[in-house]
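Visitor: below are the sequence and a predicted model for it; my questions follow.
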Number of protein chains: 2
Amino acid sequence: MDARNLVVTDDEAPGAAVRGANAGEMLRLVATGAAASRADLARLSGLSPSTVSQRVETLIGRGLLREVGAGRSRGGRRPRQLEVPVDTVVIGAVDLGARHARIGTLDLAGRVVESRSLEVRIEDGPESVLGTLLTEVTGLMRGASGPGAVLRGIGVGIPGPVQHSTGRIVSPSRMPGWNGFDVVGFLAGRTDVPVVVDNDANLMALGEHRWQHPELDHAVYVKAGTGIGAGVISGGRLHRGGQGSAGDISHCRVFTADPAPLCSCGNTGCLEAVASGAALVGALRERGLPVQSLPDVMRLIDDGDRHATALARTAGRSIGEILAVVVNFFNPQAVAIGGLLADCEPLLASVRSVLYERCLPLATQTLLIERLGTGADVGILGAGQLVIDRVADPL
Amino acid sequence: MDARNLVVTDDEAPGAAVRGANAGEMLRLVATGAAASRADLARLSGLSPSTVSQRVETLIGRGLLREVGAGRSRGGRRPRQLEVPVDTVVIGAVDLGARHARIGTLDLAGRVVESRSLEVRIEDGPESVLGTLLTEVTGLMRGASGPGAVLRGIGVGIPGPVQHSTGRIVSPSRMPGWNGFDVVGFLAGRTDVPVVVDNDANLMALGEHRWQHPELDHAVYVKAGTGIGAGVISGGRLHRGGQGSAGDISHCRVFTADPAPLCSCGNTGCLEAVASGAALVGALRERGLPVQSLPDVMRLIDDGDRHATALARTAGRSIGEILAVVVNFFNPQAVAIGGLLADCEPLLASVRSVLYERCLPLATQTLLIERLGTGADVGILGAGQLVIDRVADPL
DNA sequence: CGGACTTTCTCCAACAACCGAACTAAGTTT
DNA sequence: AAACTTAGTTCGGTTGTTGGAGAAAGTCCG
């Protein structure tokens, strides 16, 4: 009877040991102030001091990190402080939405330098929309950054299915004229820096995970806005699935009042047809209420309108229903809800309620259920992560 | 405009490059006859000849592989044939079920040497049941294997939630007296080889994935027997989730005829209360039909009983409903259904039908939906994989 | 003030896992 | 017999890592 056999070590989640050890994460640690020196990085990343030294060297060589004098002593030699060259490197990001786009510039830490929203008419087609946005982003960059700043990459989020490997859009539901469009190809022809494209919910997941839950292995991030989507983190990495459509829960069927609403996809009772912002707007208009868009609905709820609040509760229960299956199946450590609808407390409460009611206790006992911790910039933050990972890694 | 930027290489799935390159997989390649020599292994694993040579050397040194003369020439030097020492190394496996347990011995290739079923009374408690099964397995090993055979590890599957990291059982639903039991600790005290424990659906997934879909990155395997569970493969590896409860879809709510059946968990309308073997037995007995157990139900369906078949179809639709959410959310490349109920064609057809109806076309267009390709031994095959991965790796 | 710690960081040897090229070995084909 | 083929090893090199010695630059305490 050998004591060694008593210990069944858990198979380290793949990449878990490396987490915090890739270039993007090191930059973030430095930029957030979590690490100011090589020694700090060694402690936080789990790598040996020698390795950190080496890596820092190559990052400095690439202009992605720099030394800025000595810091305060902690009882020994003073650390040589590190800094991310915020003023010389810029990343562009676009988070395209249904009616609005969020554009921004980010520094190498993945932090937003400047961002703003602008209205877009998605039906103008990809060339027009993306062309304009690209111009806006480069304009933003030139305006905001120092004269020595260099654009190193652009990340784009699309509110529809994107094949991340090719950068193409695949049969989107509310983007006429965009089907099959090669976003990466189009943009790469208009700029000389790397371009990465992904689904908006994926970018949201990436942004929220890195900035709020970097330590979690498995998490689900739901974007409940005009449409409903989700981004999935598995093993610390974005899970895109076999066809890259993972997280697309918008057409899952939910329990509804009897004439199940018809969805744009042709099916009835889809989550999107019941719980999306578009569905709420539609339902309230049918009742003769004066709502034009989702913000109007939110205002009604804030004002305590019974019908609007009831609809929000129903929407929350429907989202919760689907998430209950997701939580049981996937057993994430966190479920976070973002998008405009996440600001609606009754909706969030309903989601929580259904999750606790319909999930295994084992799955919910340590489950975090929360509102997205990051604000309107979460999408471009995610885009920044994607770009930094491509630009900084491989070391 | 730089051509390099046009190429957006897909982030290699983690481990995909290594797949087929770990020790367990090399043994399997040799044992299945897919590879007979070092050169074959190099071709199939993607590793360089020198690396393969090296690895084979260490495997031979560990007694996990051996050389057996030269093979036929293919126009050049004759290969030095390799063989897995089937007669000197044995692995024990137990796949515990509700009323029956499947036990077996496997060779280093992960193939079953001998297996058989035996009845168990799970309510006798873990000490009694596991003690008996351990005795049976060691007996099987001594009987079947050559005199030089050495047991190198034991894998155990449990029909309930298992915390794989500790080897403990956590609040199982139909296993009175097993809650919190430390299976690994118990068995390690009675044998001197490594013991690994996991949920039965996870083992099924592991077995089916390795033997039927080793090339797939993402797949879902459903066990529809007396209970309903699922095993999840993500990134080529078993996904256990944050608490190790991933795949436990038995208490997801499904659409039901009006008085939603009460589940053992206290909720109503659970998948398990509608579509599990136990539920079918119960429903048919309520109608006064003479069924004692799931095989009786299967017989009724085979005989064309209307009620039984209708119930099976309903069960299939319910399973399909949940799987539709799973497929949309997870976007696997394959969904395979095993367990006794998978032999029921009407049920399988209903699952397929609902999946194609309720999933994104993008998610189903290349999705494989099939019956489990491996038979009753799939669980112990999975257990074998788990043990081999522990015994052979790290190289 | 000076010696004894501390902390920070670098240098170097070593290691693990891998690869490619050159080479040996042992065939077959023409 | 020469020319090719296939199989396998040896060896040096690459990459990414670690650990330890030790240099650099402090603080602290008697």
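Guide: Great, that's in hand.

Visitor: quick one: the strands in chain A?
Guide: Listed in chain order, the strands of chain A (DSSP state E) span A:66-70, A:80-83, A:89-96, A:100-106, A:112-119, A:150-158, A:162-163, A:168-169, A:195-199, A:219-224, A:228-234, A:237-238, A:334-338, A:368-371.

Visitor: dump the ones you listed into JSON lines; add distance to B:Val150 as well.
Guide: C-betas here are computed from N, CA, C, even on glycine. Below are the strands of chain A laid out as JSON lines (distance: least, CB to CB, whole Å):
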{"stretch": "strand A:66-70", "distance to B:Val150": "58"}
{"stretch": "strand A:80-83", "distance to B:Val150": "54"}
{"stretch": "strand A:89-96", "distance to B:Val150": "58"}
{"stretch": "strand A:100-106", "distance to B:Val150": "58"}
{"stretch": "strand A:112-119", "distance to B:Val150": "61"}
{"stretch": "strand A:150-158", "distance to B:Val150": "55"}
{"stretch": "strand A:162-163", "distance to B:Val150": "50"}
{"stretch": "strand A:168-169", "distance to B:Val150": "55"}
{"stretch": "strand A:195-199", "distance to B:Val150": "51"}
{"stretch": "strand A:219-224", "distance to B:Val150": "44"}
{"stretch": "strand A:228-234", "distance to B:Val150": "38"}
{"stretch": "strand A:237-238", "distance to B:Val150": "39"}
{"stretch": "strand A:334-338", "distance to B:Val150": "45"}
{"stretch": "strand A:368-371", "distance to B:Val150": "47"}
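
Visitor: out of those, nearest to DNA strand C?
Guide: Proximity of the strands of chain A to DNA strand C was assessed by CB to the nearest atom of the strand; the nearest stretch is strand A:80-83, lying at 3.5 Å.

Visitor: which stretches of the stretch 1-150 of chain A have low pLDDT?
Guide: A:1-21, A:144-147 (pLDDT under 70).

Visitor: would you confirm that A:Glu321 contacts A:Thr256?
Guide: No - look at A:Glu321 against A:Thr256 with CB atoms under 8 Å: they stay out of range, at 10.2 Å.

Visitor: more crowded one of the two?
Guide: Per other CB atoms under 10 Å in any protein chain shown, whichever of A:Glu321 and A:Thr256 has more neighbours is A:Glu321, with 26 against 17.

Visitor: local confidence estimate at the more buried one?
Guide: A:Glu321 carries a pLDDT value of 96.

Visitor: ok so, going back, switch the strands of chain A over to TSV; also include distance to B:Leu368 and mean neighbour count.
Guide: Below are the strands of chain A laid out as TSV (distance: least, CB to CB, whole Å; neighbours: other CB atoms under 10 Å in any protein chain shown):
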stretch	distance to B:Leu368	mean neighbour count
strand A:66-70	51	12
strand A:80-83	49	18
strand A:89-96	33	28
strand A:100-106	38	24
strand A:112-119	42	15
strand A:150-158	28	24
strand A:162-163	19	24
strand A:168-169	23	20
strand A:195-199	24	27
strand A:219-224	24	28
strand A:228-234	20	27
strand A:237-238	23	22
strand A:334-338	29	25
strand A:368-371	33	16
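
Visitor: so which of the ones you listed is nearest chain B?
Guide: Shortest separation from chain B across the strands of chain A is recorded for strand A:228-234, at 5.0 Å, computed as CB to the nearest CB.

Visitor: which residues sit against the closest one?
Guide: A:159, A:199-206, A:209, A:216-223, A:238-239, A:241, A:246-250, A:271-272, A:275-276, A:319, A:326, A:330, A:332, A:339, B:234-235, B:239, B:329-330 (CB atoms under 8 Å, 6 or more residues apart in numbering or on different chains).

Visitor: let's go with 7 Å and repeat that
Guide: A:199-202, A:204-206, A:209, A:218-223, A:238-239, A:246-250, A:271-272, A:275-276, B:234-235, B:239, B:329 (CB atoms under 7 Å, 6 or more residues apart in numbering or on different chains).

Visitor: now stretch A:293-306
Guide: Counting by CB under 7 Å, 6+ apart, A:225-226, A:277, A:280-281, A:284, A:289, A:291, A:308-309, A:312, A:340, A:343-344 sit against stretch A:293-306.

Visitor: would you mark the buried spots in that stretch?
Guide: A:294, A:296-298, A:300-301, A:305 (16 or more other CB atoms under 10 Å in any protein chain shown).

Visitor: which one of these is nearest DNA strand D?
Guide: A:Leu294 (45.1 Å).

Visitor: quick one: distance of the longest helix along chain A to the chain centre.
Guide: Longest helix in chain A by number of residues, with DSSP state H as the criterion: helix A:306-330. On the basis of CA atoms, centre = their mean, to the nearest Å, helix A:306-330 is displaced by 21 Å from the centre of the chain it belongs to.

Visitor: and if you look at stretch A:324-343?
Guide: 13 Å.

Visitor: what is the end-to-end distance of it?
Guide: One end of stretch A:324-343 sits 20 Å from the other (CA to CA, to the nearest Å).

Visitor: mark which of the contacts of stretch A:293-306 are buried, thanks.
Guide: Here, 16+ other CB under 10 Å leaves A:225-226, A:277, A:280-281, A:284, A:291, A:308-309, A:312, A:340, A:343-344 buried among those.

Visitor: quickly check the residues you listed for the two that are furthest apart.
Guide: Farthest pair in the buried ones among the contacts of stretch A:293-306 (CB to CB) is A:Thr226 and A:Thr309. Separation: 19.3 Å.

Visitor: returning to what we had before: export the contacts of stretch A:293-306 as JSON lines, with columns for distance to B:Ser264 and pLDDT.
Guide: Shown next, in JSON lines, are the contacts of stretch A:293-306 (distance: CB to CB, whole Å; pLDDT from 0 to 100):
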{"residue": "A:Gly225", "distance to B:Ser264": "39", "pLDDT": "91"}
{"residue": "A:Thr226", "distance to B:Ser264": "41", "pLDDT": "89"}
{"residue": "A:Gly277", "distance to B:Ser264": "39", "pLDDT": "93"}
{"residue": "A:Leu280", "distance to B:Ser264": "37", "pLDDT": "95"}
{"residue": "A:Val281", "distance to B:Ser264": "42", "pLDDT": "95"}
{"residue": "A:Leu284", "distance to B:Ser264": "41", "pLDDT": "94"}
{"residue": "A:Leu289", "distance to B:Ser264": "44", "pLDDT": "90"}
{"residue": "A:Val291", "distance to B:Ser264": "45", "pLDDT": "92"}
{"residue": "A:Ala308", "distance to B:Ser264": "39", "pLDDT": "94"}
{"residue": "A:Thr309", "distance to B:Ser264": "36", "pLDDT": "95"}
{"residue": "A:Ala312", "distance to B:Ser264": "34", "pLDDT": "95"}
{"residue": "A:Leu340", "distance to B:Ser264": "40", "pLDDT": "93"}
{"residue": "A:Asp343", "distance to B:Ser264": "39", "pLDDT": "94"}
{"residue": "A:Cys344", "distance to B:Ser264": "35", "pLDDT": "94"}
